[in-house]
Every structure is written in C-alpha cells, then in structure tokens.
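Asker: Okay, predicted coordinates and the sequence, questions at the end:
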Amino acid sequence: MADNKIEEIVCEDKISALPEDLLVRILLHVPIKDAIATMILSKRWRFIWTILPKLEYDIFSYANEDDDDDDHEHESKKTSWCFFDKSMELHKAPVLETLLIKLGPGCPTDINVGKWIAKAVDRRVVMLKFKLSWSKGPTRLPKSLYSCETLKELTLSHKVLLDFPSSSCLPSLRSLDLIYVVYKDNASLDSFFSHCPVLNILTVKRNKRNRDDNITKFSVKIPSLQGLFYDSDNIISSLPDEDDDEVVDTGKCLDIDTPALLFFSISDHSGDSCSIENMPCLENASIDVNSFSNIDKSKTYLSAVRSLELYMTDQVVALYLFICVLPLSTVKFSRLIKLEIYPHRSDWLEALLLLLKNAPKLKDLLVDYAFNIDVIPCSWNQPSSIPGCLSSHLEFFGYRGYGGTEEEKEFVMYILANSKCLKKNVSVEELRDIQRASTFVEMIILFDNA
C-alpha cells in the first residue's frame, strides 16, 4: 500500500493543476502546432489552446516544382491547409491580441485567405502581420480590416492588393508596414494615410523585382507621423551596356510632408523623383537617394536634424553644393551634432566642407569608406576660412577605409590641424606626427583590415 501511494505522488500532474492563465502563458512559448497537440493530454488541456491571445502560422514555405505529379506533396499541402483552417475556426478567444500569418509559395491558390483576416477582426485583433507569397496574383483583403477599431499594428507583405474604402477608418493604428504590396491606385493610398489619425510609425518597401505597384505619386502627408522608413529598390535597366548606377527616369515621384517627424530613413534607388519638406522636429536621419525633383522644397528639410547619415551620391552632393552656397547661406544645420558621411562615386569633399560651415555645433564627424570598393576621385581646395565647428565644438573625428590618396591626406591633416576641441580621432599611422590644435587627442590607429 505504501509503495502504491508513493507511486501516485510521483505521477501526480501538477502542471494541469495550475490556473488557466498560467497554462496559457506556457503554451505561448511553444509553436502553435505543439500548443494545439496538447488538447489530447487530458480534458483539462482540451480547450486551453483555443483561448491563446496570440496565433502564429508559417506554412507552405516551399513550392515543389512537381506538385502536380507528386501525390505526397499534394496530401501534405492538404493536411497543412486543413490544420490551419480548422484551428482558426476553433479559436474562441474574445480578443486576439496578435495574429501572424506567413503563407509561402506552396500555398494553394484556390483558398480564401481573407476569411482568416475577417475572423481576426471579429476577435478584435490588436497586431496583425500577413505575408502572402503564393504563385497567384495579389489579392484583396476584407473591407472590415480597414475599419478595425482595435488594430494598433499592421503589416501587409507581398501578394496583397491594398484597396482602402474611402469611408473606412483605422482610429487606433499606430504602426504600419507595407512590404512590396500592390495598391489599387493613388487615391486609395492617399485615403488610407488620411484615415489613420494616430499613425506614428510607417515602413514602406517598394519595387521588388521591378514589379509595378500601380502608384505614380507616393505621397506621405501624415501630420501625426514620427518615424518614416522608406526603401525603394533599383529599377533594373533592360539595356545591357547601361551603367547599373545610372538614374533611370521613371516618371514617378515620392512626396513627403511630415511636420511631426523625429526619425527618417530613406534608401531610394528607383529613379523616382523625390520632394521632401516640412520636418522641423527631426532628430535622426539616414539619406541615400538618387534624385530630388524639387530642390527649392527639399533644401531645408534636414535643417533641424541632430544626427545625420548621408550617402554622398551625385544627386546628394549636387543638392548640398546648392543649398550651402545660397546667398547669405540661409540654410543652417543649427542643431546638427553628429554627422556620418558615406562617399559613393562622387567628388564629395567640397560639399562636406560647405556643410561643415553651416553646422556650427557639430561634435562628431565620421567619414566611412569601409564598404566602398571603388577608388573615388576627389579634389581638395583648402578653404579660405575655418568652419566654426572645428574651432569650437568638434570632439570626435573618424575616417574608416583610408585610401592614402593625396587629397585624403590633405583633408585629414586639415581637420586635425584646426580642431581645437578634439578628444579622440581615428587616423592612420603615417599621420601620427601631424601638429594638432588640440592637446587632448587620443590616437586610435585603424587599418583597413582591422
């Protein structure tokens, strides 16, 4: 009897005796397939998974080229589809906080993907991420998605056709990711942005594999927006001898007007013209673009920035040569403290020196050649006057990927010789003996292979 009693104690199921909310938290840490499998453990576990506040599906990831002839593959797809469809149907949580769905190239093209989105809306979804990569063309999602009052974070990716009803509104949406989607037209996109009254963060990726997204003017005019991250791939030329970096005029444009923006990153090699304005609160920016259609508007959009990464393409150099030689130098970077320069096949030195003259409070300057495999020809003409930031504020100067050209030597020597507040600088060994204005310099020697 004693032995039997001991055995019963050892086999006692203490986990099943835990409160329901703890069991839910346990299942949130395992894949959804494993969470659903727990329903066979006992009656206690049978319906726990149906009240999970988060569901994550990643299925049909691979497409088999012989799908039509492979009975096993067909059966596998059917099983995966049934699992996905049935589990969504049985889910009963009153609030679905998070739904993540990734449907890969192997996804059957005859299924209704929209019904799961509608189900999530009915469950008052808060975060929805939907990626569709099937072989079929882009598909529309239910109109109810665009009127979901609880939705705060939304990601739509790849084979999605964004068709925003003009009467809809997303009153709670704060974060939006649009990744290589297709839009109904310009008006639908404009209506979408104008009916997101509290949108805070916007991420956009466009032009994947030259796919036309039906937009001729991508307009971002969102008063509430504080973070904008925009990436547009190159339009690949059909001409075999054309330079890969040559800007191809697409006849399209990007128009940005965001008065509350704090964080801005743009990498646009599409050839679309670019007009950017009205960023009086900007804190951090990363700029890598190939064209500015409206220099008069674009010349001041970075004037308030505090930290700036600048990829010195021909178009960026031309812009800053223009804005820094305006009469009476009306464009000032009065808040700029940190500047990182990435030269890119352009004579960038003159533009940089003019920019330094208009950045009186600059403390941190980095020139980074490390990821540029080409030798960039540049010219050096010593300025007639010393930028104020060198004599009064610059504390750190970095130079990565130093090539040892005469122009680079002259430039580095000029910075070191005139920077009175320099506390630390990155240089190369042959410049060790340069006379420096600052007596508080700590030398850090970096080589190309460091």
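Answerer: Structure's in. What do you need? Keep in mind that what you see is a predicted model, and the values were worked out from it rather than measured.
Asker: which residues does the closest residue to Ser144 other than its chain neighbours contact?
Answerer: Spatial nearest neighbour of Ser144, chain neighbours left out: Val121 (4.7 Å); criterion: C-beta to C-beta, 6 or more residues apart in numbering. Glycine gets a C-beta too; all of them are placed from N, C-alpha and C. Contact analysis of Val121 by C-beta atoms under 8 Å, 6 or more residues apart in numbering lists 142, 144-145, 148, 151.
Asker: let's see 7 Å
Answerer: Shown in contact with Val121 (C-beta atoms under 7 Å, 6 or more residues apart in numbering): 144-145, 148.
Asker: Per-residue pLDDT of it, please?
Answerer: Looking at Val121, its pLDDT is 94.
Asker: Check for me that it belongs to a helix.
Answerer: Yes: judged by DSSP: H, G, I helix; E, B strand; the rest coil, Val121 forms part of a helix.
Asker: Please report how far it lies from Tyr230.
Answerer: 28 Å (C-beta to C-beta, to the nearest Å).
Asker: Just grab the bridge partners of the residue nearest in space to the middle of the chain for me.
Answerer: Against the mean C-alpha coordinate of the chain, by C-alpha atoms, centre = their mean, the closest residue is Phe229 at 4.7 Å. For Phe229, the beta-bridge partners are Thr203, Ser265 (DSSP bridges).
Asker: From what I see, it and Leu261 are in contact.
Answerer: No: using C-beta atoms under 7 Å, Phe229 is not in contact with Leu261, being 11.0 Å away.
Asker: ok, now which ones touch Ala118?
Answerer: Counting by C-beta under 7 Å, 6+ apart, Ala118 has contacts 142, 144.
Asker: now do Ser191
Answerer: Ser191 neighbours (C-beta under 7 Å, 6+ apart): 164, 166.
Asker: Locate it within the secondary structure: which element?
Answerer: Element membership for Ser191, per DSSP states H and E: helix 186-194.
Asker: Quick check: buried residues in that helix?
Answerer: Buried positions in helix 186-194, judged by neighbour count with 16 or more other C-beta atoms under 10 Å: 188-194.
Asker: ok, so of those residues, who is nearest Lys14?
Answerer: Phe192 (50.8 Å; C-beta to C-beta).
Asker: Now do the helices in this structure.
Answerer: In the chain, the segments counted as helices under DSSP state H are 2-10, 20-27, 32-37, 71-90, 114-122, 186-194, 295-298, 314-323, 349-357, 388-392, 406-418.
Asker: thought Ile337 was touching Pro360?
Answerer: No: with contact defined as C-beta under 7 Å, Ile337 does not count as touching Pro360 (10.7 Å).
Asker: State the mean pLDDT of stretch 43-50.
Answerer: Rounded mean pLDDT across stretch 43-50 is 78.
Asker: my bad, stretch 158-175
Answerer: 95.
Asker: next one: that stretch to chain centre, how far?
Answerer: Here the centre of stretch 158-175 is set off from its chain's centre by 19 Å, with C-alpha atoms, centre = their mean, to the nearest Å.
Asker: So what touches it?
Answerer: 130-134, 136-141, 143, 146-154, 156, 179-184, 188, 191-192, 195-201.
Asker: Go through it and flag the buried ones.
Answerer: Judged by neighbour count (16+ other C-beta under 10 Å), stretch 158-175 contains these buried residues: 158-164, 169-170, 172-175.
Asker: now swap in stretch 258-265 and tell me
Answerer: Buried-residue list, stretch 258-265, by 16+ other C-beta under 10 Å: 258, 260-265.
Asker: Output that stretch as CSV, restricted to C-alpha atoms.
Answerer: Extracted in CSV, the C-alpha atoms of stretch 258-265 (Å, rounded to 0.1, in the frame of the first residue of the first chain):
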residue,chain,number,x,y,z
THR,A,258,5.5,65.2,-42.2
PRO,A,259,5.7,68.0,-39.7
ALA,A,260,6.0,65.9,-36.6
LEU,A,261,8.7,63.5,-37.9
LEU,A,262,11.5,62.6,-35.5
PHE,A,263,13.2,59.6,-37.3
PHE,A,264,13.6,59.4,-41.0
SER,A,265,15.4,56.8,-43.1
